[in-house]
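Novice: Output the structure for:
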Amino acid sequence: MSILSHHSFDIGAKFARLLPAQPCLLCGAASHDGLCCANCDAELPRIGAGHCPVCGLPTPDGNVCGQCLKHAPPFDHTVAAFSYGFPVDKLIQALKFNDRLILVDFLAQALALRIETRPDCIVAMPLHPARLRERGFNQSLLLARRISRKLRLPLLADACERVRNTPPQSALPWKERDKNMRQAFTCKPGSAVRGKHVAIVDDVMTTGASIGELARALKKAGASEVSAWVVARTLPHS
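Specialist: Residues are numbered from 1 along each chain as shown. Here you go, the predicted structure:
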């Protein structure tokens, strides 16, 4: 039985790594390879090379897609570890909505391994204070902290804030998501992003509306370049 169905196995990642073997969080078999056994890890839907370097969507040759050439998004690059499909979608949902914080290291490590170009600093996709009080934590900030330590990059934890408590993007049709996020973010005075290449860390990118609006705020504050780092990218067939 999967570890995700048992709250008693939701232990700290550091303690879990000390165990000689533990149940794979996907299939439940004994794993000596960390939270996920080698067989399950090999089946995860990792993003391949044939994707637009700007938006992360598939392209035949890995070059910039036609949409980004015609209407470039506010961010300049996208790095994604996985496509947003089973079982990665269930892992991210378990982290966000079921407090499975043991998954933070696993997902952050998968994303950190895909980073090739180092920015000057990173920021996390902020939650509105009301949503933060409701959830109790910001999963994007937890991911960003792990990545900051793994890659030895400065984390500007308080540089940006969400000033509009917008409805969840997942509850809206794709065509309404850009409008929902307009002017949702701001960068605080003295946020130290001017002239910097800033990477935004988030769990999932679907339309890119949230990251695009935050990238717009960062560039308004003087950032010279903005990258999107996401654990999972929703692809068209999803």
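
Novice: Residues in contact with the helix or strand harbouring Ala130: which ones?
Specialist: If you go by DSSP states H and E, Ala130 is part of helix 129-135. With Cβ atoms under 8 Å, 6 or more residues apart in numbering as the test, helix 129-135 has contacts from 96, 127, 138, 162, 165. Backbone N, C-alpha and C define where each C-beta goes, glycine included.

Novice: Report the buried members of those.
Specialist: 96, 127, 138, 162 (16 or more other Cβ atoms under 10 Å).

Novice: And the next helix or strand past the lowest-mean-pLDDT helix or strand in the chain?
Specialist: Least confident helix or strand of the chain, by mean pLDDT, DSSP states H and E, is helix 13-18 with a mean of 52. Per DSSP H and E, the first helix or strand lying C-terminal to helix 13-18 is strand 22-23.

Novice: got the domain boundaries for the protein?
Specialist: As recorded under automatic domain parsing, the domains making up the chain are 1-43, 48-233.

Novice: looking at those domains, which is buried most?
Specialist: Among the domains of the chain, domain 48-233 has the highest mean neighbour count (mean count of other Cβ atoms under 10 Å), at a mean of 18.

Novice: Extract the C-alpha set from stretch 137-152 and format it as CSV.
Specialist: The C-alpha trace of stretch 137-152 is given here as CSV (Å, rounded to 0.1, in the frame of the first residue of the first chain):
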residue,chain,number,x,y,z
PHE,A,137,2.5,27.1,4.6
ASN,A,138,3.6,28.2,1.1
GLN,A,139,4.7,25.1,-0.7
SER,A,140,6.6,27.2,-3.3
LEU,A,141,8.6,28.9,-0.6
LEU,A,142,9.5,25.5,1.0
LEU,A,143,10.7,24.3,-2.4
ALA,A,144,12.6,27.6,-3.0
ARG,A,145,14.4,27.3,0.4
ARG,A,146,15.5,23.7,-0.4
ILE,A,147,16.7,24.8,-3.9
SER,A,148,18.4,27.9,-2.5
ARG,A,149,20.5,25.7,-0.2
LYS,A,150,21.2,23.0,-2.8
LEU,A,151,22.4,25.4,-5.4
ARG,A,152,23.8,28.0,-3.0
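
Novice: and that stretch, how far from the chain's centre?
Specialist: In terms of Cα atoms, centre = their mean, to the nearest Å, the gap separating the centre of stretch 137-152 from the centre of its chain is 10 Å.

Novice: Equivalent analysis for stretch 107-118, please.
Specialist: On Cα atoms, centre = their mean, the centre of stretch 107-118 falls 10 Å from the chain's centre.

Novice: again, but for stretch 129-137
Specialist: Distance, centroid of stretch 129-137 to centroid of chain: 18 Å (Cα atoms, centre = their mean).

Novice: Check stretch 227-236 too.
Specialist: The answer for stretch 227-236 is 7 Å, by Cα atoms, centre = their mean.

Novice: as a whole number, average confidence for it?
Specialist: The average of the pLDDT scores along stretch 227-236 is 96.

Novice: What would that stretch look like as PDB? C-alpha coordinates only.
Specialist: What follows is stretch 227-236, C-alpha atoms only, in PDB (Å, rounded to 0.1, in the frame of the first residue of the first chain):
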ATOM      1  CA  SER A 227      13.300  32.500 -15.400                       C
ATOM      2  CA  ALA A 228      10.500  30.200 -14.300                       C
ATOM      3  CA  TRP A 229      11.500  27.100 -12.400                       C
ATOM      4  CA  VAL A 230       8.600  24.700 -11.800                       C
ATOM      5  CA  VAL A 231       8.300  21.200 -10.600                       C
ATOM      6  CA  ALA A 232       5.800  20.300 -13.200                       C
ATOM      7  CA  ARG A 233       4.600  21.800 -16.500                       C
ATOM      8  CA  THR A 234       1.000  21.100 -17.800                       C
ATOM      9  CA  LEU A 235       1.300  20.000 -21.400                       C
ATOM     10  CA  PRO A 236      -1.500  20.400 -24.000                       C
END
